[in-house]
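Colleague: how would this look folded up:
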Amino acid sequence: MFDFNNRFNFIFGNNGHGKTNILEAISFLTYGRSFIGALETECIKFGCDEFIVEGEFENDLENRFLLRLIYNLSTKRKSFFFNGDKASSFSNEIFGRFPVVFLSPHSLSITYGNPSERRKFFDILIAQTSKLYLSYLKTLSKILKQKNALLKNNLADGNIEGSEFTTLLDSYNEKLTEVSASIIFRRLKFLDEFNSYFHKNFSELTPDKDNAFINYFTDFSGEIMDCNALSLDNITDALALEIRKSYKEEIARGISVVGPQRDDYIFRLEKNTGFGGRKNFNLKSFGSQGEHKTFLVALKLAEYYFLKDRSGTCPVLLLDDVLSELDSGRISNIISHLNNFGQVMLTTTDMNYSEGINRFYDKDEISLFKIKEGKVNND
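Modeller: As a prediction, this is how the structure comes out:
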């Protein structure tokens, strides 16, 4: 049982004692999943059949909401309860209502990882502020599953008659074109708005006048798309044409090869060369470790302020082991900025960081939690 401070929560202890599990529990209640990607089965205590997470949230109007999650190992199902009543749909009733922003070493997969990591980050962010976009993602997943099953079965044994197969495939392609175009269009519109948040935060982190860019790359066109130059109709027509061109390839390979599930967000940096010139390069391929971390922090700060403006409330900022391997100057700089946020939860192995925090928060604004063997131990 934790009674968190509504300002700063300093959670410390040795590695492997359960600090991250606290933040993970919050992610299960608000995201419906682990923020570090752990499976539900991995979160059950040995010898138990289920786990239960319960949390009380309070908004700026002091309204309180009780969330409860029960995961059952035998059924492999999660049940969510909102103010005591079982939720019929987590995505419709809970997801997005309690904004949180996570930053941890695992977050570097956004800049270092494959395109699916970047799509996941932005899809979750957009979906938290748009139920319609979330609905499009669900529809896309359903259609792709059906279409791929059709293509796979046809490739395996070809037991569907030619005319029936063609009719089904054409039907899936028509639906896929419509929902895919809507997703791409909304990703572009979002990015056009989000970039202003990102540029502002990146510039505040980099005094050297470096520039950073986020572009949207469509696999079917093989090029970066302009946020302002394309209409929904333009994207729909281009997708329909590419799906028709890929018709034989998809049948031969037994899988869909066109759609937003293959697109990417390209992160780029522009820096001074030191000789009066500038160089522009892909962060993933040529960025240093420090440049990756700076880009990621700017992304997360932009996420925070974007969610704050859209939800009308300050997200909870969850920082998991973000101070390790940083020099004292960078640590002091990060801590000095935390007072600008709402509720903050920070995990670390070093108790000494709390001394720096005391300089920016009043005593009653800080709660300390020492974690040992999965329990609070402040003796």
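Colleague: all strands of the stretch 151-300 of the chain, in order?
Modeller: 211-218, 223-225, 264-272, 278-282 (DSSP state E, counting those that start in this stretch).
Colleague: would you mark the buried spots in the shortest one?
Modeller: Neighbour-count burial for strand 223-225, counted by 16 or more other CB atoms under 10 Å, picks out residue 225. All C-beta spots, glycine's among them, are computed from the backbone N, C-alpha and C.
Colleague: what is the burial count for residue 340?
Modeller: By the criterion of other CB atoms under 10 Å, residue 340 has 11 neighbours.
Colleague: list the contacts of residue 177.
Modeller: 236, 239-240, 243 (CB atoms under 8 Å, 6 or more residues apart in numbering).
Colleague: try residue 175
Modeller: Per CB under 8 Å, 6+ apart, neighbours of residue 175: 139, 143.
Colleague: and it, how far from residue 255?
Modeller: Computed as CB to CB, to the nearest Å, the residue 175 to residue 255 distance reads 17 Å.
Colleague: hang on, the earlier thing: and the strands of the stretch 151-300 of the chain, which one's lowest on average pLDDT?
Modeller: If those are sorted by mean pLDDT, strand 223-225 sits at the bottom with a mean of 76.
Colleague: which strands or helices does that strand pack on?
Modeller: Applying 3 or more CB pairs under 8 Å, 6 or more residues apart in numbering; DSSP states H and E, we find strand 223-225 packed against strand 211-218.
Colleague: quick one: strands adjacent to the strand it packs on?
Modeller: Its sheet considered, strand 211-218 pairs with strand 223-225 (antiparallel), strand 264-272 (antiparallel) by DSSP bridges.
Colleague: run through who's touching the longest one.
Modeller: It stands for strand 264-272. Strand 264-272 is contacted by residues 111, 115, 118-119, 122, 191, 208-217, 219, 224, 278-284, 287, 291, 295 when judged by CB under 8 Å, 6+ apart.
Colleague: list buried residues within the residues you listed.
Modeller: 111, 115, 118-119, 122, 191, 210, 212-217, 219, 283-284, 287, 291, 295.
Colleague: wait, isn't residue 287 in contact with residue 293?
Modeller: No - taking contacts as CB atoms under 8 Å, residue 287 lies outside contact range of residue 293: 9.6 Å.
Colleague: got a list of what the residue nearest to residue 41 when sequence neighbours are not counted touches?
Modeller: Excluding the flanking residues, the one nearest residue 41 by CB to CB, 6 or more residues apart in numbering is residue 73, at 6.6 Å. By CB under 8 Å, 6+ apart, residue 73 lies in contact with 41, 44, 48-50.
Colleague: follow-up on the earlier one: among the strands of the stretch 151-300 of the chain, which is nearest residue 107?
Modeller: Nearest to residue 107, of all these, is strand 264-272, at 13.4 Å by CB to CB.
Colleague: can you give me the strands for the stretch 1-150 of the chain?
Modeller: Taking DSSP E, counting those that start in this stretch as the criterion, the stretch 1-150 of the chain contains strands spanning 8-12, 50-58, 64-72, 77-82, 85-86, 100-103.
Colleague: what's the first one packed up against?
Modeller: On a contact count with 3+ CB pairs under 8 Å, 6+ apart, strand 8-12 meets helix 19-30, strand 344-348, helix 353-357, strand 366-372.
Colleague: residues of stretch 41-55 that come out buried?
Modeller: 51, 53, 55.
Colleague: my guess is the last one meets residue 25, correct?
Modeller: Yes - counting by CB under 8 Å, residue 25 is a contact partner of residue 55 at 7.3 Å.
Colleague: returning to that earlier point: would you reformat the contacts of residue 177 as JSON lines and include distance to residue 343, neighbour count and pLDDT?
Modeller: Shown next, in JSON lines, are those (distance: CB to CB, whole Å; neighbours: other CB atoms under 10 Å; pLDDT from 0 to 100):
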{"residue": "236", "distance to residue 343": "43", "neighbour count": "17", "pLDDT": "94"}
{"residue": "239", "distance to residue 343": "42", "neighbour count": "23", "pLDDT": "94"}
{"residue": "240", "distance to residue 343": "47", "neighbour count": "18", "pLDDT": "95"}
{"residue": "243", "distance to residue 343": "46", "neighbour count": "22", "pLDDT": "94"}
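Colleague: lovely, talk soon.
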